[in-house]
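*Asks:* With the sequence up front, the predicted model follows.
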Amino acid sequence: MRIVITGSSGLLGRHVAAAAVAAGHDVLGIDTVPPTEGGWRHVTADLTDLGVALQLVRNADAVFHIAAIPRPTGRAEAEVFQTNMALAYNVIEAAALSGVGRFVYASSFSIFGYPFFTNWPKQLYLPIDDNHPAGPQDAYGLSKWLGEEMVQAAVARGAFSAVSLRMPWVQTPEGFAGQIGPRRASGDAGRDLWSYIDARDAADAFLLALEAPVEGHARVMISAADSYMDAPTAELAANAFPQARQGALPGFASTFDLDNARKTLGYEPRHSWRDYPKA
């Protein structure tokens, strides 16, 4: 299958592109910078230009849209919002006009308000499932939520079927200690619900989303099966969210309910930081 992958030089994008190539797909990666390595065709391009997006997407069977400014820090929030919105609109519109069959969108758990909030989100219950109300507060989370809505609008007019993958912090064995260690020590771990996903599991989810028997638009939370903490999740949740209704959070379980991902995609996380090589 011919797959266009936007943001293919980034942390998530390059793992997704490599997995798609390994699965036998013909991959065209698009990014503003070339990949440092990879076995796929690459075009360096700015997809905030609709004409460029139309030219590059026109022969695709499927599109994985990953390209975005990944956080509202270190950049002006207006730039984050404008860039992410332009990217999403242009790639969605190009896919719709090109007759793409399946669109997979890299969404985020930030649609629920984490981790870049100003005021703590009103958490109704834990674990979070895909029916929990959205509540973004920052430019990045808002751009991801509106991106899902743009996908929905395209699906509603019959453009393609789609899957939006809602992901927490993407991690790799190489980068985990350097990123998660400081977060644990800062006392701010609750801001991201102690959650993460291994990049390889995220890549698996994209390939599952490509083939899943989805009609319309499925919005699906994916994550690791566990938290990145050594303390029991139920204890962490009770302390951080005493007002939230607490369901089953056994052991070090993720704060996300993965039942919808299992049912819709056949997704099952295979990797945990607990198995990463010790530094």
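*Replies:* Structure received.
*Asks:* Let me know the secondary structure of Gly29.
*Replies:* What DSSP: H, G, I helix; E, B strand; the rest coil gives for Gly29 is strand.
*Asks:* How about it: what's its closest non-neighbour residue?
*Replies:* Ser8 (2.9 Å; C-beta to C-beta, 6 or more residues apart in numbering). All C-beta spots, glycine's among them, are computed from the backbone N, C-alpha and C.
*Asks:* burial count for Ser9?
*Replies:* By other C-beta atoms under 10 Å, 22 other residues sit near Ser9.
*Asks:* That one in helix, strand or coil?
*Replies:* coil.
*Asks:* so who does the closest residue to it other than its chain neighbours touch?
*Replies:* Nearest non-adjacent residue to Ser9, counting by C-beta to C-beta, 6+ apart: Asp31, 3.9 Å away. Contacts for Asp31 were tallied using C-beta atoms under 8 Å, 6 or more residues apart in numbering; they are 6-10, 13, 42, 44-45, 67.
*Asks:* wait, the residue nearest to Gly29 sits on His42?
*Replies:* Yes - counting by C-beta atoms under 8 Å, Ser8 does reach His42; the two are 6.9 Å apart.
*Asks:* Compare those two (neighbour count), which wins?
*Replies:* Legend: neighbour count by other C-beta under 10 Å for Ser8 and His42, higher for Ser8 (30 against 18).
*Asks:* Could you report the neighbour count for the nearest residue to Trp169 once chain neighbours are set aside?
*Replies:* The shortest distance from Trp169 to any non-neighbouring residue, by C-beta to C-beta, 6+ apart, is to Tyr196 (4.7 Å). Tyr196 has 25 neighbouring residues, counting by other C-beta under 10 Å.
*Asks:* now Glu93
*Replies:* Neighbours of Glu93 under the rule other C-beta under 10 Å: 17.
*Asks:* give me the number of residues near the spatially closest residue to it that is not a sequence neighbour?
*Replies:* Excluding the flanking residues, the one nearest Glu93 by C-beta to C-beta, 6+ apart is Leu50, at 6.6 Å. Counted with other C-beta under 10 Å, residues neighbouring Leu50 total 15.
*Asks:* got the contact list for Leu50?
*Replies:* Contacts of Leu50 (C-beta under 8 Å, 6+ apart): 89-90, 93-94.
*Asks:* same check, this time on Leu207
*Replies:* Contacts of Leu207 by C-beta under 8 Å, 6+ apart are 19-20, 23.
*Asks:* got a pLDDT number for it?
*Replies:* Listed pLDDT for Leu207 reads 98.
*Asks:* Centre of the chain to the worst-scoring helix or strand of the chain on mean pLDDT, how far?
*Replies:* Using mean pLDDT, DSSP states H and E, the weakest-scoring helix or strand in the chain turns out to be helix 176-186, at a mean of 92. Distance, stretch centre to chain centre, for helix 176-186: 20 Å (C-alpha atoms, centre = their mean, to the nearest Å).
*Asks:* Having no further points to raise, I will conclude here.
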